[in-house]
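[1] Provided below for reference: sequence and predicted model.
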Amino acid sequence: MKKLPLILLLATSTMLVACNNGQKINANTEKTAYRSAKIIKTRLPEEKRVEYEMSFWMVRDQKKDNAEFLKAIDEKMPDEIISMGKEIYQKRKADGFAEYQQYKTWEEMMAKYDRDRMSQGKAKSDVKEKIGDPKSGNRDVIYNM
């Protein structure tokens, strides 16, 4: 009976430690790093997802060597990855990277990519309605010719 509280304490502390690492990237291998990054992205608030994803791929683009890349992102939290992305952006912008010269700030670039992400696929989904389908609503276009 004296062992039960000890077992419960151990189980609780183990679960707390395991849950705490849910926001860190596991970069033991390239496959687990990508899987961790994807899972973390789905758990982030909508407004941080694009920023996190762009930062992750900026780090990947900068670190061509797999071992160097895995070492750089291992055990990193989303905010740390975003900070790394901001640093890469500042360095590339200062070096004259053409893609980044059109943006004044990191936030302006992220807002543009966020708008682009939101508009992806919307035109196609609106076009997929069937002609004469009563469920598609009144989407007829009348042209004056």
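    Thanks, I have the structure now. Keep in mind that this is a model prediction, so the values were computed, not measured.
[2] Quick one: low-confidence residue ranges for the chain.
    For the chain, the stretches with pLDDT under 70 are 1, 5-6, 8-21, 121-145.
[3] which ones are touching the residue positioned nearest the centre of the chain?
    Nearest residue to the geometric centre of the chain (Cα atoms, centre = their mean): residue 53, 3.0 Å. By Cβ atoms under 8 Å, 6 or more residues apart in numbering, the residues touching residue 53 are 37, 41. For glycine as for every other residue, the C-beta is placed from the backbone atoms N, C-alpha and C.
[4] now residue 118
    Taking Cβ under 8 Å, 6+ apart, we find residue 118 in contact with no residue.
[5] And it, how close does it get to residue 96?
    With distances taken as Cβ to Cβ, to the nearest Å, residue 118 is found 30 Å from residue 96.
[6] Ok, residue 103 next?
    For residue 103, the distance to residue 96 (Cβ to Cβ) stands at 13 Å.
[7] Mind checking which of those two has more residues around it?
    residue 103 (16 against 8; other Cβ atoms under 10 Å).
[8] Can you tell me the SS state at that one?
    Following DSSP: H, G, I helix; E, B strand; the rest coil, residue 103 is assigned to coil.
[9] Show the contacting residues for the closest residue to it other than its chain neighbours.
    Leaving aside its chain neighbours, residue 103 sits nearest to residue 109 (4.0 Å; criterion: Cβ to Cβ, 6 or more residues apart in numbering). Residues near residue 109 by Cβ under 8 Å, 6+ apart: 89, 100, 103.
[10] Dump those residues to CSV, plus distance to residue 40.
    Shown next, in CSV, are the contacts of residue 109 (distance: Cβ to Cβ, whole Å):
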residue, distance to residue 40
89, 20
100, 25
103, 25
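[11] tell me which of those residues is nearest to residue 27?
    Distance to residue 27 across these (Cβ to Cβ) is lowest for residue 89, with 21.7 Å.
[12] Give me the neighbour count for that closest one.
    As a burial measure, residue 89 scores 20 neighbours (other Cβ under 10 Å).
[13] I'd like to know which elements whichever strand or helix holds it is packed against.
    Take DSSP states H and E as the rule and residue 89 turns out to sit in helix 78-94. Contact partners of helix 78-94 among helices and strands, from 3 or more Cβ pairs under 8 Å, 6 or more residues apart in numbering; DSSP states H and E: helix 46-62, helix 106-119.
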